[in-house]
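> could you look at this predicted model? Sequence included:
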Amino acid sequence: MKNVNLSSVASNSNRLEAGGYVLVIKNVEDRPMNITTGKGDYLQIEYDIDEGPFKGYYTDMYSSLGFWGGHFIRSYKPKALGMFKEFIRELRHDNPDFKWDDDAENDEKSMIGCQFGAVLGEEEYRGNDGSLKTRLNVAKITTVSNIRTGKYNVPDPKTLSGAPKASGVVDTTADSMEQINADIPF
């Protein structure tokens, strides 16, 4: 191959990276406790990027791959209620029309369309083929204004071994829905 100087060529990478993003909730599913598995009492929340150059990233991913990569869970088990309360507080802060009554049953679907700020961090996982891969996860929920003004810190990558971060491509999808469900700790 002839010598090709790439030093002044801009990268064509459209890969989402760890950092702060303004997100919007696209779907919410309640997962009540399953007596058989002992898992449940959480909301499965699907989100998309709502501002900036990656706006619509997960919608585009779904259109091309048939898989929704932007998701996280919020447990409402008693031991996790503090984190759930913080999440509701951030939604209330950034979405004045969002209503959540602490003394009544609420419809989780009322979260759809709400914006919130989040810091996405890298974490390692084992792929179905046994290889070490990295993906993005919601590391911290914050206000939209904190994201817009840069008032957040991106955490160090979370590794399986505790060793320095493995090199490679950030995979924002899991290998399968089984991988996602295996990662749910309850």
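Received it, and whenever you're ready, just let me know what you need. Numbers count the residues shown, from 1 in each chain.
> buried ones in stretch 145-160?
The neighbour-count check on stretch 145-160 (16 or more other Cβ atoms under 10 Å) flags 146, 147, 152 as buried. C-betas here are computed from N, CA, C, even on glycine.
> pLDDT (mean, whole number) over the biggest helix by length in the chain?
Using DSSP state H, we find that the single longest helix of the chain is helix 81-94. The pLDDT scores in helix 81-94 average 94.
> name the helices or strands packed onto the helix or strand just after that helix?
With elements assigned by DSSP states H and E, the helix or strand that comes after helix 81-94 is strand 115-126. On a contact count with 3 or more Cβ pairs under 8 Å, 6 or more residues apart in numbering; DSSP states H and E, strand 115-126 meets strand 19-31, helix 81-94, strand 132-142, helix 144-148.
> so what's the closest residue to residue 158 other than its chain neighbours up against?
Using Cβ to Cβ, 6 or more residues apart in numbering and skipping residues adjacent in sequence, the residue nearest residue 158 is residue 123, 4.0 Å away. Going by Cβ atoms under 8 Å, 6 or more residues apart in numbering, residue 123 touches 134, 135, 136, 137, 157, 158, 159.
> report the beta-bridge partner residues of residue 118.
Beta-bridge partners of residue 118, counted by DSSP bridges, are residue 21, residue 141.
> and for residue 126?
Here residue 126 sits in beta bridges with residue 132, as judged by DSSP bridges.
> show me the contacts for it.
With contact set as Cβ under 8 Å, 6+ apart, residue 126 has these partners: 132, 133, 160.
> dump those residues to JSON lines, plus distance to residue 41 and pLDDT.
Shown next, in JSON lines, are the contacts of residue 126 (distance: Cβ to Cβ, whole Å; pLDDT from 0 to 100):
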{"residue": "132", "distance to residue 41": "31", "pLDDT": "92"}
{"residue": "133", "distance to residue 41": "29", "pLDDT": "91"}
{"residue": "160", "distance to residue 41": "27", "pLDDT": "88"}
